[in-house]
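In: Model the following, please.
(chains A and B)
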Amino acid sequence: MKKTAVLPLTWMLVVYLFLYLPIVVLVVYSFNDSRMVTLWGGWTLKWYGAVFHDQELIRALLLSLKVALATATTSVLLGTLAAFALVRYRHFAGKSLLNFMINIPLVMPTVVIALALLLFFVTVQKSFGYPQKGFFTIYIGHTVMAISYAAVVIQSRLKEMDRSIEEAAMDLGARPFQVFALVTLPSISQSLVSAWLLAFSLSLDEVVISAFLSGPGATTLPVVIFSRARLGLSPTINVVGAITVYLVIIAVAVSSLLMARRERQRARQVAAALRHDADETSQPFGTRLMTAEGR
Amino acid sequence: MDEKKPVPLTKPRRAWNWGRQLVIGIPQVWLLAFLLLPFLILLKISVSETNELGVGFDPLMSFAQETLQVHMRFSPYLALLRDSLYVVTYLYSLWWAFLTTVLCLIIGYPFAYFIARSRPTVRSGLLMLVMLPFWTSFLIRIYAWKNLLDINGLINQFLLWTGIIHEPLQMLFTNFSFMIGMVYGYIPFMILPLYATLVKMDHRLVEAAMDLGSTPLKTFWLVTVPLSKSGIIAGSLLVFIPAVGEYVIPELLAGPSTLNIGRVMWNEFFLNLDWQRASAVAIVMIVLILLPIAVFNKYQTKSLEGAR
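Out: Sure, this is the predicted structure:
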């Protein structure tokens, strides 16, 4: 038994090392006090200072955040409509076309989508003089991508939703819109939040579409990072990368703390309910459950 | 209409239809305008002729002297066929994507299997550790490999220190670093569907095979692998399809001589400014990617029928 466990453990360790080593090295090198990025020259915080004074990075970050907010919000709105149409309406003109269009961005390489959108915007601009490459074009490009992911997330929730509550509301005389706003929307709200977050992070991370659609004065953070990373190793990118790692760690820590607290609260409530039960019915059964819960 | 079904008591039928039209129409119009139309323009540009000024394109159709003339220039496509560089690049892109898929499968399958077979209490934690790096930026994680693979990078320093090598190895900008980046970027897409099927697998079947005297290897090949077929196919497609059109990873980690179709398209557009050819390259790429999806759809409908 012990002999067979060695191979799985080493395999798993090697894969985890493969997954985490580059990230750890990136964080460590972000403190490297040496002009040669990969040669160790002692600890320093000077690159962090440099990043916070890098106007190009800050401007790009602000545009990225603006685009991501707009993209996430639009994607959830349109993605909800598309998901609702696809899940709830059995037949309508162009249903398979809508389904097809929702699925294209999930499988098309982003270079192809980016080129198509760029040629589209160039054509439109030639005829109407608008839009200039910048916030608007990047925002539309990101939303084309993100709607699909949002629609997939919301669709899967809508499919598993219990429709009898909606029917009950209908029977009680609610209008379709009331049913949607007061019953459907609250019960899919969790998926709307995760779709929003997914679209937001997709937008923040998108390189290729942004690179095609950004103009000279308006680029997003990934495009700036990408163009610097192409040139070679750079301490500022190590710092930007390290900061994103810190943000992920903080987010994970906060969410797991919140989840643990909610779990404890639930356990307490269950234990209290069981105690109440136990007082009224058989004592040993209740205590047995309580110890199981308290563990 | 099915006559047996009771007619629904929808009084505000008109209002409902109006809302219904909006629910369907808004995303439909939006996607038609910003997704389908751009692809049609891409298709159009790939077969159109630049006008004399060289800044625009002649219309595809013209009506003059009572004849409808359709101008479609297929020279970009013919150029793709004639110039062996493009054909070779397409084949190489497919090859790199295939190699990435196989490597992800070889590394990811045992890994997913071990997670699925681990104790349920640690399982979600182990899976979480796979997802975690996924949440930091893709671009940053690919860039991070440069720190490791650089000629002065950590791997070279380590190998020099241990005395395995005496000269630093040129690992960055080779096919080796390219494949490392590809496997690194895509392996979660392989592990997650594999895990999902392996964790649902009935392990009693494996035990039964062993009890009947099958060797572990034979059991694995004849029981475990067939049972996880759907996970293998899903994971392979999730890796293969995006890997064909990958642009960022080759640009950051592969050498300039590594042939990749995404880079070729980018260069045709931004360096050679040959829009028609770039569009043609993209159209052919679409066709190449739609093929495995069509195969997948066929398989899926077949397996759905089999399940019935």
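
In: Kindly confirm my reading that B:Phe63 is in a strand.
Out: Yes. The assignment for B:Phe63 by DSSP: H, G, I helix; E, B strand; the rest coil puts it in a strand.

In: got a list of what the residue in the stretch 151-295 of chain A positioned nearest to chain B touches?
Out: In the stretch 151-295 of chain A, no residue comes nearer to chain B than A:Gly241, which is 3.9 Å away by CB to the nearest CB. In short, each C-beta sits where N, CA and C put it, glycine included. Residues counted as contacts of A:Gly241 (CB atoms under 8 Å, 6 or more residues apart in numbering or on different chains) are A:Leu26, A:Val27, A:Ser30, B:Thr136, B:Ser137, B:Ile140, B:Arg141, B:Tyr143, B:Ala144.

In: burial of B:Val29, as a residue count?
Out: B:Val29 has 10 neighbours, counted by other CB atoms under 10 Å in any protein chain shown.

In: ok, A:Ile104 to chain B distance?
Out: 6 Å (CB to the nearest CB, to the nearest Å).

In: Could you list the buried residues of stretch A:182-199?
Out: The neighbour-count check on stretch A:182-199 (16 or more other CB atoms under 10 Å in any protein chain shown) flags A:Val183, A:Thr184, A:Ile188, A:Ser191, A:Leu192, A:Ala195, A:Trp196, A:Leu198, A:Ala199 as buried.

In: repeat for stretch A:19-36
Out: Buried-residue list, stretch A:19-36, by 16+ other CB under 10 Å: A:Leu19, A:Leu21, A:Pro22, A:Ile23, A:Val25, A:Leu26, A:Val27, A:Tyr29, A:Ser30, A:Phe31, A:Asn32.

In: what about the fourth one, helix or strand, and which?
Out: With secondary structure defined by DSSP states H and E, A:Ile23 is part of helix A:2-29.

In: can you tell me if that helix touches chain B.
Out: Yes. Using CB under 8 Å from any CB of the partner chain, helix A:2-29 comes into contact with chain B via A:8, A:11-12, A:15-16, A:18-23, A:25-26, A:29.

In: likewise stretch A:195-211?
Out: Yes. Using CB under 8 Å from any CB, stretch A:195-211 reaches chain B at A:Ser201, A:Leu204, A:Asp205, A:Val207, A:Val208.

In: Now a ChimeraX select for only the buried ones of those residues.
Out: Buried members of the residues of stretch A:195-211 next to chain B, defined by 16+ other CB under 10 Å, are picked up in ChimeraX with:
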select /A:201,204,205,207,208
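
In: I'd like to know how many residues surround whatever residue of the stretch 101-250 of chain A ends up closest to chain B.
Out: Chain B sits closest to A:Pro109 of the stretch 101-250 of chain A, with a gap of 2.2 Å, by CB to the nearest CB. Counted with other CB under 10 Å, residues neighbouring A:Pro109 total 25.

In: Check the one 4 residues further on too.
Out: For A:Ile113, the number of neighbouring residues by other CB under 10 Å comes to 24.

In: Show me what counts as buried in the helix or strand that comes right after the helix holding A:Ile23.
Out: Sequence-wise, the next helix or strand downstream of helix A:2-29 (DSSP H and E) is helix A:46-52. Residues of helix A:46-52 classed as buried by neighbour count (16+ other CB under 10 Å): A:Trp47, A:Tyr48, A:Val51.

In: so can I have JSON lines of the residues you listed showing distance to B:Lys302?
Out: Output for the buried residues of helix A:46-52, formatted as JSON lines (distance: CB to CB, whole Å):
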{"residue": "A:Trp47", "distance to B:Lys302": "55"}
{"residue": "A:Tyr48", "distance to B:Lys302": "56"}
{"residue": "A:Val51", "distance to B:Lys302": "53"}
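
In: Mind checking which residue lies nearest the centre of chain B?
Out: Nearest residue to the geometric centre of chain B (CA atoms, centre = their mean): B:Pro242, 1.6 Å.

In: got a list of what that one touches?
Out: Counting by CB under 8 Å, 6+ apart, the residues that B:Pro242 touches are A:Val107, A:Pro109, B:Tyr186, B:Phe189.

In: rewinding a little: and the helix holding A:Ile23, what does it pack onto?
Out: helix A:235-280, helix B:84-117, helix B:120-131, helix B:138-149, helix B:175-200 (3 or more CB pairs under 8 Å, 6 or more residues apart in numbering or on different chains; DSSP states H and E).

In: Could you see whether chain A lies near the third one?
Out: Yes. Contact check for helix B:120-131 against chain A, using CB under 8 Å from any CB: residues in range are B:Leu126, B:Leu129, B:Val130.

In: Show me the contact partners of that helix.
Out: A:Met12, A:Tyr16, A:Leu19, B:Ile115, B:Ala116, B:Ser118, B:Pro188, B:Ile191, B:Leu192, B:Tyr195, B:Val199.

In: Leaving out chain neighbours, which residue sits closest to the fourth one?
Out: Nearest in space to B:Ile115, with sequence neighbours left out and distances taken as CB to CB, 6 or more residues apart in numbering or on different chains, is B:Leu126 at 4.9 Å.

In: and that neighbour, how many neighbours?
Out: Count around B:Leu126 with other CB under 10 Å applied: 17.

In: Please determine how far the residue of the stretch 151-295 of chain A closest to chain B is located from B:Lys218.
Out: 46 Å (CB to CB, to the nearest Å).

In: now B:Asn272
Out: Taken as CB to CB, the span from B:Asn272 to B:Lys218 is 55 Å.

In: Would you convert the buried residues of stretch A:19-36 into TSV that also reports pLDDT and distance to B:Ala79?
Out: Formatted as TSV, the buried residues of stretch A:19-36 follow (pLDDT from 0 to 100; distance: CB to CB, whole Å):
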residue	pLDDT	distance to B:Ala79
A:Leu19	95	42
A:Leu21	95	44
A:Pro22	94	40
A:Ile23	94	43
A:Val25	93	44
A:Leu26	93	42
A:Val27	94	47
A:Tyr29	91	45
A:Ser30	92	46
A:Phe31	93	51
A:Asn32	89	48
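
In: Take those residues and write them to JSON lines, including distance to B:Ser75.
Out: JSON lines is the format used below for the buried residues of stretch A:19-36 (distance: CB to CB, whole Å):
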{"residue": "A:Leu19", "distance to B:Ser75": "47"}
{"residue": "A:Leu21", "distance to B:Ser75": "49"}
{"residue": "A:Pro22", "distance to B:Ser75": "44"}
{"residue": "A:Ile23", "distance to B:Ser75": "47"}
{"residue": "A:Val25", "distance to B:Ser75": "49"}
{"residue": "A:Leu26", "distance to B:Ser75": "46"}
{"residue": "A:Val27", "distance to B:Ser75": "51"}
{"residue": "A:Tyr29", "distance to B:Ser75": "49"}
{"residue": "A:Ser30", "distance to B:Ser75": "50"}
{"residue": "A:Phe31", "distance to B:Ser75": "55"}
{"residue": "A:Asn32", "distance to B:Ser75": "52"}
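
In: Could you list which of the residues of stretch A:195-211 next to chain B belong to helices?
Out: A:Ser201, A:Leu204, A:Asp205, A:Val208 (DSSP state H).

In: okay, those in JSON lines with pLDDT next?
Out: Converted to JSON lines, these look like this (pLDDT from 0 to 100):
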{"residue": "A:Ser201", "pLDDT": "92"}
{"residue": "A:Leu204", "pLDDT": "94"}
{"residue": "A:Asp205", "pLDDT": "93"}
{"residue": "A:Val208", "pLDDT": "95"}
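
In: which one of those is nearest A:Ile113?
Out: A:Val208 (8.3 Å; CB to CB).

In: any idea how far the closest one lies from B:Gln300?
Out: For A:Val208, the distance to B:Gln300 - CB to CB - is 28 Å.

In: B:Met179 too?
Out: 29 Å.

In: Also A:Val179?
Out: From A:Val179 to B:Gln300 the distance is 33 Å (CB to CB).
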